[in-house]
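structure here, sequence nowhere to be found:
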């Protein structure tokens, strides 16, 4: 697990404010201690006091007289630090309790009783002491100093370093995650969890008698489930509306292993009466197992929150189903399809800060129960809710890689995902749940392609983005809240649909679009002959044959490119087409080898600054562009460096 992930989980705990407590209750000649942190809660006859120590302590009854309670004879408690060599012990005859701790430095005592002076081993009798004048739970503050330096962190104490620059990972991680946290708040995400990650018994395969893993893979899978629902609770705590769809196919296959292979046609399993009965049992087991673990995680993460923030895990008839029927001469019996999603009920549950859980069982209006393919169910629910994301957790690790270069492809456009499926000769129909392919693939490859297919269907029906996330510890948080550390594959709806390279027939439309901006002084004048000559450097967004936005990308030496003539038709300026055109040109520039882009502007400087461009001088331009700079116009120059495609993926989340 990466250090950034550990720090991210730690940060969420800061949001919640956990406090540990030492509890010591004093009664006549006996003491009871429960040590859970470095904080001590002392129970005295007249109230509670809280004491914090950096060292472990010894609790020893003493016989000193308390001036405030001379009428009662109760034991006195002394708190002393023990040497590191001391062992944990309990001596009821002398009423001593100790724990391993740091080197002895001082002793703090308080008295709550009156009694005769007695000698302890190796100690002399002492006269009653006067009151200290302050609570024993407070520091005396008589041996402190103000140091004009940064306060070292715990890691710096251990390493002997000092200064805030020695441990920059937390600050860098938190700053990098802030935008994602803000953008994901109040959004809806549908999370599909396969049975292989839910089934405790499956996850414990490969563990020996004492629960230790016999293989690195089985140990990793066990801990990935162990932390998965904790991470889901973190998403809930950050204000994300969550729907969990539980896959039960793996549980069903395990139970029916001795009954022979199942009948599967075009990726859809035939569910007979016995399979339905077993599926009810396994779906109930999976649902209650997830509810149990997730409810515990929600309480642990946000149980102390007030203001109506506390949430529950809810399930019910949020979807209805219908039978598949008979296809290609095969009766699918109790296999069903998604018929309707109760969007209002799910939205109401989210308004109550609840997490919604669905299984692959759906009830028809007539009361019959059908088995719905969970991947198809997740895509259908996400589409009905217009969810921001649908997230499929993979059964096994997997990603896309270029064969020639070996480069990992971390993100796809919807059109690219469709071409990928076509190249592998795979067809997935979400309305029927069918998976059709003329090729035979390994189970992990088939699972990956099938989930890409259901993801593309969800995107076509309104979901913004889909993620295929590897089943490793922390992968869900890394995929959603980091830019470069994600372990999954993201598929985005085609935000650039309608943008293409300009052709000579577009010149008239470009001129009509930029003429008002030239007249207002926003754009430098461009004769039509120049646009015709440079038409291959222009890109346009069209709808019904009309040019609604345009932009120009001109390459220069040294990896530079200029974005110019960026214009959007007035009625489309608040629809994101300007951002889409800018990012499209940035992608084209990066793909052509230009990692540094610049723009010249006289009136729209702020718009470019908000999108990551920084002001520079004429001397920062490439030599050939510097020679053609119009010093009379005095345009402002702004430049932006793009390190990789992931930078642009992150930008798209912001618009």
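Perfect, thanks for sending it. The structure presented is a predicted model; accordingly, all values stated were derived computationally and were not measured. Numbers count the residues shown, from 1 in each chain.

elements contacting the helix or strand containing residue 250?
When secondary structure is defined by DSSP states H and E, residue 250 falls within helix 249-255. The helices and strands touching helix 249-255, judged by 3 or more CB pairs under 8 Å, 6 or more residues apart in numbering; DSSP states H and E, are helix 195-198, helix 273-302. Quick note: C-beta positions are derived from backbone N, CA and C, even for glycine.

now mean neighbour count too, for these, in TSV please.
Supplementary listing: the helices and strands packed on helix 249-255 in TSV, determined by neighbours: other CB atoms under 10 Å:
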stretch	mean neighbour count
helix 195-198	22
helix 273-302	18
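
residue 417 is nearest to which of the ones you listed?
Closest to residue 417 of the helices and strands packed on helix 249-255, according to CB to CB: helix 195-198, at 23.6 Å.

what packs against the closest one?
Contacting helix 195-198 under the criterion 3+ CB pairs under 8 Å, 6+ apart are the following elements: helix 200-203, helix 216-237, helix 249-255, helix 273-302.

strand partners of the helix or strand just after the third one, parallel vs antiparallel please.
Read it as helix 249-255. Taking DSSP H and E as the definition, the helix or strand that follows helix 249-255 towards the C-terminus is strand 264-265. Strand 264-265 has the following sheet partners, assigned by DSSP bridges: strand 268-269 (antiparallel).

what does the strand it pairs with rub up against?
With CB atoms under 8 Å, 6 or more residues apart in numbering as the contact definition, strand 268-269 has outside contacts at 249, 262-263, 275, 324, 332, 335, 371, 373, 432-435.

ditto for stretch 573-585
Here stretch 573-585 makes contact (CB under 8 Å, 6+ apart) with 495-496, 499, 539, 541, 548-551, 553, 563, 566, 568, 597, 607, 611, 648, 651-652, 655.

what about burial for those residues, which qualify?
With neighbours counted using 16 or more other CB atoms under 10 Å, the contacts of stretch 573-585 contain these buried positions: 495-496, 499, 539, 541, 548-551, 553, 563, 566, 568, 597, 607, 611, 648, 651-652.

the residues you listed in helices, which ones?
When DSSP state H defines the helices, the subset of the buried ones among the contacts of stretch 573-585 inside them is 607, 648, 651, 652.

how far away is the second one from residue 589?
From residue 648 over to residue 589 the distance is 10 Å, taken as CB to CB, to the nearest Å.

coming back round to it: among the ones in helices among the buried ones among the contacts of stretch 573-585, which one lies nearest to residue 388?
Closest approach between these and residue 388, by CB to CB: residue 652, at 12.4 Å.

in this structure the closest one contacts residue 494, no?
No. With contact defined as CB atoms under 8 Å, residue 652 and residue 494 do not form a contacting pair (11.5 Å).

now do the lengthiest strand in the chain: which elements does it pack against?
Among the elements of the chain assigned as strand by DSSP state E, the one spanning the most residues is strand 546-556. The elements that strand 546-556 packs onto, with contact taken as 3+ CB pairs under 8 Å, 6+ apart, are helix 507-520, strand 538-543, strand 560-568, helix 577-591.

direction included, what does that strand pair up with?
In the sheet containing strand 546-556, its partner strands are strand 538-543 (antiparallel), strand 560-568 (antiparallel), by DSSP bridges.

other residues contacting stretch 613-631?
Under the criterion CB under 8 Å, 6+ apart, external residues in contact with stretch 613-631 comprise 524, 556-558, 560, 562, 597-599, 605, 609, 635-640.

recalculate using a threshold of 10 Å.
Counting by CB atoms under 10 Å, 6 or more residues apart in numbering, the neighbours of stretch 613-631 from elsewhere in the structure are 524, 554-563, 582, 596-601, 605, 607-609, 634-641.

quick check on those: which are buried?
Members of these that pass the buried threshold by neighbour count (16+ other CB under 10 Å) are listed as 554, 556, 559-563, 582, 596-601, 605, 607-608, 635-640.

now residue 434: phi and psi?
For residue 434, the backbone dihedrals are phi -80, psi 140 (criterion: degrees, to the nearest 10).

contacting residues for it?
Taking CB under 10 Å, 6+ apart as the contact definition, residue 434 lies against 265, 266, 267, 268, 324, 327, 373, 376, 427, 428, 453.

distance of it from residue 253?
In this structure, residue 434 and residue 253 are separated by 19 Å, where distance is defined by CB to CB.

please apply the same query to residue 542.
In this structure, residue 542 and residue 253 are 50 Å apart, going by CB to CB.

cool, and residue 645?
As it turns out, when the distance is counted by CB to CB, residue 645 lies 39 Å from residue 253.

what's the answer for residue 613, then?
From residue 613 over to residue 253 the distance is 54 Å, taken as CB to CB.

just want to know which of those two has more residues nearby.
Counting neighbours by other CB atoms under 10 Å for residue 613 and for residue 253 shows that residue 613 has the greater number, 22 against 14.

do you know how far the more buried one is from residue 652?
As it turns out, when the distance is counted by CB to CB, residue 613 lies 17 Å from residue 652.

for residue 393, same thing?
Where residue 652 is concerned, residue 393 sits at a distance of 23 Å (CB to CB).

and for residue 434?
31 Å.

same question for residue 593.
Counting by CB to CB, the separation of residue 593 from residue 652 is 22 Å.

next one: residue 342
Here the distance between residue 342 and residue 652 works out to 31 Å (CB to CB).

likewise for residue 259?
Summarising the geometry, the distance separating residue 259 from residue 652, computed by CB to CB, is 48 Å.

tell me which residues are up against the helix holding residue 250.
Taking CB under 10 Å, 6+ apart as the rule, helix 249-255 contacts 194-199, 201-202, 261-262, 269, 271, 274-276, 278-279, 281-283, 285-286, 360, 371, 373-375, 395.

in CSV: the ones in helices among the buried ones among the contacts of stretch 573-585, plus pLDDT and distance to residue 469.
Supplementary listing: those in CSV, determined by pLDDT from 0 to 100; distance: CB to CB, whole Å:
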residue, pLDDT, distance to residue 469
607, 91, 35
648, 79, 21
651, 73, 21
652, 72, 19
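
which of these sits closest to residue 170?
residue 651 (24.2 Å).

OK, contacts around that closest one?
Residues counted as contacts of residue 651 (CB under 10 Å, 6+ apart) are 179, 579, 582, 583, 586, 611, 612, 642.

report the buried members of those.
Using 16+ other CB under 10 Å, the buried ones in the contacts of residue 651 are 579, 582, 583, 586, 611, 612, 642.

make JSON lines from those and add distance to residue 290 to it.
Output for those, formatted as JSON lines (distance: CB to CB, whole Å):
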{"residue": "579", "distance to residue 290": "38"}
{"residue": "582", "distance to residue 290": "43"}
{"residue": "583", "distance to residue 290": "38"}
{"residue": "586", "distance to residue 290": "42"}
{"residue": "611", "distance to residue 290": "41"}
{"residue": "612", "distance to residue 290": "41"}
{"residue": "642", "distance to residue 290": "41"}
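
residue 418: which of those is nearest?
Within the buried ones among the contacts of residue 651, distances to residue 418 taken as CB to CB reach their minimum at residue 583, with 20.7 Å.

measure the nearest residue to residue 557 once chain neighbours are set aside to residue 645 for me?
The shortest distance from residue 557 to any non-neighbouring residue, by CB to CB, 6 or more residues apart in numbering, is to residue 622 (5.5 Å). Separation of residue 622 from residue 645 (CB to CB): 23 Å.

please apply the same query to residue 623.
Separation of residue 623 from residue 645 (CB to CB): 28 Å.

in terms of neighbours, single out the busier of the two.
For residue 623 versus residue 645, the count of surrounding residues by other CB under 10 Å is larger for residue 645: 15 against 10.

OK, contacts around the more buried one?
Taking CB under 10 Å, 6+ apart as the definition of contact, the neighbours of residue 645 are 409, 410, 411, 586, 587, 590, 591.

what residues are bridge-paired with the first one?
When you say that, I think you mean residue 409. The residues listed as beta-bridge partners of residue 409 by DSSP bridges are residue 400.
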